[in-house]
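J.: sharing a model that was predicted from the sequence below.
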Amino acid sequence: MRPGASCDGPEHTHHRSGITGHTVRSRDDRVGIRMLKFRGRTLGIVALSSGLLSIAGCYCLPTAIGLFIYGLIVLLNEPVKRAFAMGEQGRSASEIQTHFDRLLQPKTDII
């Protein structure tokens, strides 16, 4: 940078938005890993919402809107809420999956 030049040029704005985007994405990665263990449902909703900040870069907005709507449908579903509650109580992801797999098994009556 030239002596006396300001840091408000377009190249610096682009650099700042890149750093901000990287920070948001790395946080979203950590949230996603927590959600694999059925923990952090509220953080998952916040991460979905932060995807809507891509309105500044119009190309990602349609995908962000789709993911936001689908994510809310899934995360606000009652069985999913119960699964996350079980995870917050300390149950492992495999226990939770087994519990819900048993609920989905068709019941066959042997006569």
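T.: Ah, there it is. Residues are numbered from 1 along each chain as shown.

J.: where do the helices of this structure begin and end?
T.: 10-36, 41-51, 61-75, 78-88, 93-104 (DSSP state H).

J.: so where's this structure uncertain?
T.: For the chain, applying pLDDT under 70 flags the ranges 1-27, 55-57, 109-111.

J.: let's see that with 90 instead.
T.: Applying pLDDT under 90 to the chain flags the ranges 1-33, 36, 47-65, 100-111.

J.: that older thread, out of the helices of the chain, which is the most enclosed?
T.: Looking across those with neighbours counted as mean count of other Cβ atoms under 10 Å, the highest average goes to helix 41-51: a mean of 17. All C-beta atoms are positioned from the backbone trio N, CA, C, and that covers glycine.

J.: check which helices and strands it sits against.
T.: Judged by 3 or more Cβ pairs under 8 Å, 6 or more residues apart in numbering; DSSP states H and E, the packing partners of helix 41-51 are helix 10-36, helix 61-75, helix 78-88.
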